[in-house]
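# Generate a structure from the sequence data that follows.
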Amino acid sequence: MKAIAYFQNLPATDPQSLQDITAADPVPGDHDLLVEVKAISVNPVDVKIRANRKPKDGQPEIIGWDAAGIVRAVGAKTSLFKPGDRVWYAGALTRPGANSELHVVDERIVGRMPQSLDFAQAAALPLTTITAWELLFDRLRVLDNAAPSQGTLLVIGAAGGVGSILVQLARQLTGLTVIGTASRPETQAWVRELGAHHVIDHSKPLTEELKRIGYPQVSFIAGLNQTDKHFAQMAEAVAPQGKIALIDDPAAIDVRLLKGKSASLHWEFMFARPLHGTPDLIAQHELLNQAARLIDNGTLRTTLGEHYGKINAENLRRAHAFIESGKAQGKVVLEGF
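Residues are numbered from 1 along each chain as shown. Purely as a prediction, here's the structure:
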């Protein structure tokens, strides 16, 4: 099968950083699906792993954690899918990624693809949807209840992949007032379009921006990027007994800033369930199916931002470089081999 892989950790601008290769077709295990990959998207995790995780013994490393495709074969102990089903999923960090024509994945972390989307539109969503859903409902424990509430949610980095779906989930499925941050006119417009009640500029002090719009404190904060830079402001802005959830990798933060308010800090890492084989692994299958229903009934929309053409090393290198620039709005997808 065709695949894109790396052999050493190089900058995305280096022609050797991602290479077109031919690899053996994978064989599904008992709980696996063999999927013909039709479209993929690129996430910050792809960039981090390409730059930092060393391939084993000179073997090619195939990455990529977002795919939409068609089931071609199923393992002996599967029960959720059959050949021919259209599926979408993010996958597991401990297994080869989906930047390949064929891919094997545990069916318990796979969902039925939304019927109203094409493969590229669908591939934009799984990893960010799982992240945003788990962050909002499992970590922050916000109620899936659209009744108006006094609560407020601040989403830092609301125009990116996770932010683009988190803003929609919070606006459509909860009664929270949603405040998104974005620093450029075009990204601010995108966040408003996705449903944020207010948009503030994270290139300015967050506490000042929040006071300007009449919300000096917020119940919940989703820190999606630059937490090193923003954490002191987040600690100041979170309400007493409020909650903060992070997804990025800050070098150092002083959690003692939260003690005086009895505020809590949560991490969201959507790979945790498959990484540790948790008893509730199938929750990712269920939430992807629920998200598909919400897309098909018009509640949520795809967050596809840029289509970079066919799935090959040259286009994937461009996508990695764009993600590294920090200027992505929505998601970058590639489609077809």
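# Contact partners for the nearest residue to Ala222 once chain neighbours are set aside?
Spatial nearest neighbour of Ala222, excluding adjacent residues (Cβ to Cβ, 6 or more residues apart in numbering): Val155 at 4.8 Å. Quick note: C-beta positions are derived from backbone N, CA and C, even for glycine. Contact analysis of Val155 by Cβ atoms under 8 Å, 6 or more residues apart in numbering lists 163, 166-167, 170, 178-181, 196, 222, 224.
# and Val155, bridged to which residues?
Residues in a beta bridge with Val155, per DSSP bridges, are Gly180, Ala222.
# so which of the contacts of Val155 would you say is closest to Lys243?
Of all these, Lys243 sits closest to Ala222, with 9.6 Å by Cβ to Cβ.
# so that closest one sits right up against Ile156, yeah?
Yes. Assessed by Cβ atoms under 8 Å, Ala222 is found in contact with Ile156 at 6.6 Å.
# ok, the residue nearest to Ala222 to Ser100 distance?
The spacing between Val155 and Ser100, counted by Cβ to Cβ, to the nearest Å, is 33 Å.
# next one: Pro60
Pro60 is 10 Å from Ser100, by Cβ to Cβ.
# now do Pro126
From Pro126 to Ser100 the distance is 16 Å (Cβ to Cβ).
# neighbour count winner among the two?
Using other Cβ atoms under 10 Å as the criterion, Pro126 and Ser100 rank with Pro126 on top: 30 against 26.
# And for Glu36, the neighbour number?
The burial count for Glu36: 16, using other Cβ under 10 Å.
# Identify the residues contacting it.
69-72, 101-102.
# Write the ChimeraX selection for whichever of the residues you listed are buried.
Buried residues within these, by 16 or more other Cβ atoms under 10 Å, are selected in ChimeraX with:
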select :69,70,71,72,101,102
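# Compile the contacts of Glu36 into JSON lines and extend it with columns for distance to Thr94.
Supplementary listing: the contacts of Glu36 in JSON lines, determined by distance: Cβ to Cβ, whole Å:
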{"residue": "Gly69", "distance to Thr94": "20"}
{"residue": "Ile70", "distance to Thr94": "24"}
{"residue": "Val71", "distance to Thr94": "21"}
{"residue": "Arg72", "distance to Thr94": "22"}
{"residue": "Glu101", "distance to Thr94": "21"}
{"residue": "Leu102", "distance to Thr94": "18"}
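# And the furthest pair within the contacts of Glu36?
So for these, where distance means Cβ to Cβ, the most widely separated pair is Val71 and Glu101, at 14.1 Å.
# Poorly predicted segments of the stretch 151-300 of the chain, please.
For the stretch 151-300 of the chain, not a single residue meets the criterion pLDDT under 70.
# Show me the strands in it, by range?
152-156, 177-181, 198-200, 218-223, 238-246, 264-267 (DSSP state E, counting those that start in this stretch).
# Dump these into a markdown table; add distance to Asp138 as well.
As requested, the strands of the stretch 151-300 of the chain are exported to a markdown table (distance: least, Cβ to Cβ, whole Å):
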| stretch | distance to Asp138 |
| --- | --- |
| strand 152-156 | 15 |
| strand 177-181 | 18 |
| strand 198-200 | 25 |
| strand 218-223 | 13 |
| strand 238-246 | 10 |
| strand 264-267 | 9 |
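# Could you give the number of residues near the closest residue to Ile282 other than its chain neighbours?
Counting by Cβ to Cβ, 6+ apart, Arg108 is the residue found nearest to Ile282 once chain neighbours are left out, at 4.6 Å. Using other Cβ under 10 Å, Arg108 is surrounded by 21 other residues.
# Likewise for Gln290?
Neighbour count of Gln290, defined by other Cβ under 10 Å: 15.
# need the contact list for it.
Contacts for Gln290 (Cβ under 8 Å, 6+ apart) come out as none.
# Numbering from 18 from now on, please.
Sure, I'll start numbering at 18, so the last one becomes Gln307.
# and stretch 132-139, C-alpha only, in CSV?
Extracted C-alpha coordinates of stretch 132-139, given in CSV (Å, rounded to 0.1, in the frame of the first residue of the first chain):
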residue,chain,number,x,y,z
GLN,A,132,-24.2,10.8,6.1
SER,A,133,-24.4,14.5,5.1
LEU,A,134,-20.6,15.0,4.8
ASP,A,135,-18.1,13.9,2.2
PHE,A,136,-14.9,12.2,3.3
ALA,A,137,-12.8,15.4,3.4
GLN,A,138,-15.4,17.2,5.5
ALA,A,139,-15.7,14.2,7.9
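# mind checking the backbone torsions on the residue nearest the centre of the chain?
Taking Cα atoms, centre = their mean, the centroid of the chain lies closest to Thr145, which sits 2.1 Å from it. With angles defined as degrees, to the nearest 10, Thr145 sits at phi -70, psi -30.
# can I assume Ala338 is in contact with Thr30?
Yes. Taking Cβ under 8 Å as the definition, Ala338 is a contact partner of Thr30 at 6.0 Å.
# Settle it for me: which of those two has more neighbours?
Ala338 (14 against 11).
# Tell me the buried residues in the helix or strand that contains the more buried one?
Per DSSP states H and E: Ala338 is located in helix 330-342. Of all the residues in helix 330-342, those buried under the rule 16+ other Cβ under 10 Å are 330, 332-337, 339-341.
# Any chance of these in TSV with distance to Ala256 as columns?
Listed next are the buried residues of helix 330-342 as TSV, based on distance: Cβ to Cβ, whole Å:
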residue	distance to Ala256
Ala330	48
Asn332	45
Leu333	43
Arg334	44
Arg335	42
Ala336	39
His337	38
Phe339	36
Ile340	33
Glu341	35
